[in-house]
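Undergrad: The sequence isn't on hand, but the structure is:
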């Protein structure tokens, strides 16, 4: 994230709450994940985007708020680099040259902050975040990134995710909703020292999934991560640990005041 998690959380007055669990890296109840959404717009678009976000917050995105500390009605030269490392690499055609040009040519930046989430309400909050993204795009946002896991999609891909979420809502398919929100706001696969990793599963109330590097290709690993995410959402953690012969770790590489920190831990999967 361009704005550090500690700086933004301090400005919001919630850092002391998170700091309580700093020592163990497994302080589930005291470390509560939250969304931070970044919207880019054209010349003079900040007010229009901010008003659209505020309307969405009033209608359905309860607990979200427009950040006025780091949002700005002018371009930020760091956005091109920030988006370039955040584009989703798994979904086909997740972005276009037009999306990349919109980032390079942006003239305003809007941050929207989500409420602290529990495992029980994380999917509901993430659906609200996704619908809020749709509302702000409708108002003229030209690029969108989920800062809490550092993932960006092109506008067409965001629209596709919204359509899928609405269909899942209409069919009351909670597992599909969890999957769609993971695809929207989590990033994978990321290369770590020992494992290929996910970041952002905490945004749907689940532990991360780390897969041993010798498991297979990036596509195979991403498919496994997605499958295990569904299994966690449907059958629960203990079933996944047993069925996958996996282990749960709380040895996070992120500090508890980092938006990427997952208080629910990490499911580690090896070949054997």
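TA: Done, it's in. Quick caveat: nothing in here was measured; it's all calculated off a predicted structure.
Undergrad: Can you name every helix or strand that the top strand by length along the chain contacts?
TA: Secondary structure of the chain per DSSP state E: the longest strand is strand 65-72. Secondary-structure packing of strand 65-72 (3 or more CB pairs under 8 Å, 6 or more residues apart in numbering; DSSP states H and E): helix 5-12, helix 46-59, strand 108-113. For the C-beta atoms, the positions are set from N, CA and C on the backbone; glycine is no exception.
Undergrad: Run through this protein and note the low-pLDDT ranges.
TA: Counting by pLDDT under 70, the chain has low-confidence residues at 1-30, 272.
Undergrad: Swap in 50 and give it another go.
TA: 1-29 (pLDDT under 50).
Undergrad: hey, where'd the strands end up in it?
TA: In the chain, the strands defined using DSSP E lie at 36-41, 65-72, 108-113, 143-146, 151-153, 187-191, 195-199, 208-212, 247-249, 266-269.
Undergrad: List the residues that contact the residue nearest to residue 135 when sequence neighbours are not counted.
TA: In this structure, residue 135 finds its nearest non-sequential neighbour in residue 56, 4.1 Å apart by CB to CB, 6 or more residues apart in numbering. Counting by CB atoms under 8 Å, 6 or more residues apart in numbering, residue 56 touches 64, 131-132, 135-136.
Undergrad: which one of those residues is nearest residue 106?
TA: Proximity of those to residue 106 (CB to CB) peaks at residue 136, which lies at 13.5 Å.
Undergrad: Can you name the residues that contact the closest one?
TA: Per CB under 8 Å, 6+ apart, neighbours of residue 136: 39, 49, 52-53, 56, 110, 112, 144.
Undergrad: how about those residues, which pair is most distant?
TA: Using CB to CB, the contacts of residue 136 span at most 13.1 Å, a distance reached by 56 and 144.
Undergrad: count of neighbours near the residue nearest to residue 115 when sequence neighbours are not counted?
TA: Sequence neighbours aside, residue 63 is the residue nearest to residue 115 in space, at 3.0 Å (criterion: CB to CB, 6+ apart). If you count neighbours by other CB atoms under 10 Å, residue 63 ends up with 15.
Undergrad: My read is that residue 63 contacts residue 125, right?
TA: Yes - taking contacts as CB atoms under 8 Å, residue 63 lies within contact range of residue 125: 7.3 Å.
Undergrad: Find residues that contact each of those two.
TA: 114-115.
Undergrad: Spell out, range by range, the helices that occur in the stretch 151-272 of the chain.
TA: 155-170, 174-185, 218-235, 237-243 (DSSP state H, counting those that start in this stretch).
Undergrad: quick one, which of the ones you listed is packed in tightest?
TA: A comparison of those by mean neighbour count, using mean count of other CB atoms under 10 Å, puts helix 174-185 on top with a mean of 23.
Undergrad: Out of the strands of the chain, flag the one nearest residue 99.
TA: Of the strands of the chain, nearest to residue 99 by CB to CB is strand 143-146, at 6.3 Å.
Undergrad: I'd like to know which elements that closest one is packed against.
TA: Contacts defined by 3+ CB pairs under 8 Å, 6+ apart place strand 143-146 against strand 36-41, helix 79-84, helix 97-104, helix 122-138, strand 151-153, helix 155-170.
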